[in-house]
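S.K.: sequence below, structure please.
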Amino acid sequence: MINDPLALRTVILEGKLDTISGKLSNRTGYTFYTSVSYSKNKFGLTLEAKRTKDFSFRQNPYALGIQGPINFLPPMAKQNTYRLTARFAPATQELGEQAIQLDLRYKFNKKLSASLNISDIQFLDGTELYREITPEFTWKQKRKWQFIGGLQILKYNIAIYQGKGDYVDALTPYAEFLYKFSPRKSIRVEAQYLATEDEFGSWVNGLVEVGMAPHWIFYASDMYKLKHKKEVDANKSKYDGTHFPSLGVVYSYKSNRVSLAYVKQVEGINCAGGICRLEPAFNGIKLTLNSSF
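M.R.: Reported below is the predicted structural model:
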């Protein structure tokens with residue numbers, strides 16, 4: 001994602017593309033952040049606002065991208081966890097942005113609860129960068145099973161964040177079902193459908209995960225590129241009709257976690273553990289080891 005003030009940036013101003021090359025200069029910068037929360041009975045509200053201007057703070061001014069930052073400026077957007085809802089994720093624009101986020105939650109009863117998240121990010125001149133509206137509901141049936149359903153309504157400035165195209169307008173309905181056979185054994189199923197005519201077009205994604213606490217997790221997933229209809233063949237993607245499967249196992253012991261997986265992925269943003277990064281297309285084996293000391 002393009003958040004580097006030293007790199008070449010494309011800025012959209014009044015419908016025209018103006019290319020600005022980054023140059024080193026000393027300017028006074030700041031980041032302003034505020035939040036307010038309110039809760040009563042079954043209702044909760046959180047409102048956040050942020051304004052950033054010329055706040056690139058690095059141990060080496062020539063470091064690029066994610067290299068050498070002294071501070072991390074989190075984006076003012078919902079932390080999406082599903083594969084397709086997280087595909088178009090924003091990065092804080094250190095040279096200047098203004099953002100606001102509203103999160104509403106209401107619990108109807110012990111079984112049913114609902115939430116609404118609204119995020120909006122702009123350049124300081126008002127140019128739209130990112131807008132997301134996500135209503136979601138959760139149904140819990142005692143401790144046996146749980147169902148989550150929602151819809152992501154998205155507008156994403158892919159020219160700024162990924163350096164290609166213009167805007168992405170997408171609708172992504174999603175669902176998740178968790179069933180517990182016992183306190184230690186469970187199965188979780190995910191399904192998402194990303195509907196858009198922009199970037200590579202529409203996708204579907206499914207995942208099945210089997211948990212055997214406290215050590216093992218087995219999972220399999222497939223992200224499939226839907227074929228374009230004949231009337232839009234001019235926008236046909238090179239990925240049309242292609243499967244991108246993943247198959248893996250995770251083992252956890254105390255503060256250690258090891259995962260081994262076969263992964264085939266399309267180029268784009270991939271999120272894991274709350275960290276999102278722009279990655280190239282990949283087909284192969286991934287081995288990951290995490291340890292806490």
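
S.K.: centre of the chain to stretch 284-293, how far?
M.R.: Distance of stretch 284-293 from the chain centroid (CA atoms, centre = their mean, to the nearest Å) equals 21 Å.

S.K.: swap that for stretch 62-78, please
M.R.: Centroid separation between stretch 62-78 and its chain, computed with CA atoms, centre = their mean, is 16 Å.

S.K.: quick check: end-to-end length of that stretch?
M.R.: Start-to-end span of stretch 62-78 (CA to CA, to the nearest Å) is 31 Å.

S.K.: residues making contact with that stretch?
M.R.: If you take CB atoms under 8 Å, 6 or more residues apart in numbering as the criterion, stretch 62-78 is touched by 3-4, 6-7, 31, 48-50, 52, 55, 57-60, 89-92, 94, 99-101, 103, 117, 119, 121, 130, 132, 134, 277. C-beta: built from backbone N, CA, C; applies to glycine.

S.K.: what of stretch 197-206?
M.R.: For stretch 197-206, using CB under 8 Å, 6+ apart, the contacting residues are 82-84, 87, 158, 164-170, 189-196, 221-226, 228, 232, 235, 237-240, 266.

S.K.: with stretch 29-40 instead?
M.R.: By CB under 8 Å, 6+ apart, the list of residues contacting stretch 29-40 reads 44-57, 73.

S.K.: just these: which are in strands?
M.R.: 44-53 (DSSP state E).

S.K.: thinking again about what came up before, just the buried residues of the contacts of stretch 29-40.
M.R.: Neighbour counting by 16 or more other CB atoms under 10 Å classes 48, 50-53, 55-56, 73 among these as buried.

S.K.: nearest to residue 176, out of the ones in strands among the contacts of stretch 29-40: which one, please.
M.R.: Residue 176 has its nearest neighbour among these in residue 44, at 21.3 Å by CB to CB.

S.K.: where do the helices sit along the chain?
M.R.: For the chain, the helices defined by DSSP state H cover 158-161.

S.K.: contacts only, for residue 118.
M.R.: Going by CB under 8 Å, 6+ apart, residue 118 touches 101-103, 132-134.

S.K.: switch to 7 Å and redo it
M.R.: Counting by CB atoms under 7 Å, 6 or more residues apart in numbering, residue 118 makes contact with 101-102, 133.

S.K.: now residue 119
M.R.: By CB under 7 Å, 6+ apart, the contact set of residue 119 is 76-78, 101, 130-132.

S.K.: dump stretch 113-130 to PDB, restricted to CA.
M.R.: Extracted in PDB, the C-alpha atoms of stretch 113-130 (Å, rounded to 0.1, in the frame of the first residue of the first chain):
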ATOM      1  CA  SER A 113     -26.800  -8.800  18.600                       C
ATOM      2  CA  ALA A 114     -26.100  -6.300  15.800                       C
ATOM      3  CA  SER A 115     -23.500  -3.800  14.900                       C
ATOM      4  CA  LEU A 116     -22.900  -1.000  12.300                       C
ATOM      5  CA  ASN A 117     -19.400   0.300  11.400                       C
ATOM      6  CA  ILE A 118     -19.000   3.400   9.200                       C
ATOM      7  CA  SER A 119     -15.500   4.600   8.100                       C
ATOM      8  CA  ASP A 120     -14.500   7.500   5.900                       C
ATOM      9  CA  ILE A 121     -11.000   8.600   4.900                       C
ATOM     10  CA  GLN A 122     -10.100  11.600   2.800                       C
ATOM     11  CA  PHE A 123      -7.100  13.600   1.700                       C
ATOM     12  CA  LEU A 124      -6.900  17.000   3.400                       C
ATOM     13  CA  ASP A 125      -8.400  18.600   0.300                       C
ATOM     14  CA  GLY A 126     -11.500  16.300   0.500                       C
ATOM     15  CA  THR A 127     -10.500  13.800  -2.100                       C
ATOM     16  CA  GLU A 128     -12.100  10.400  -1.200                       C
ATOM     17  CA  LEU A 129      -9.700   7.700  -0.300                       C
ATOM     18  CA  TYR A 130     -11.700   5.000   1.500                       C
END
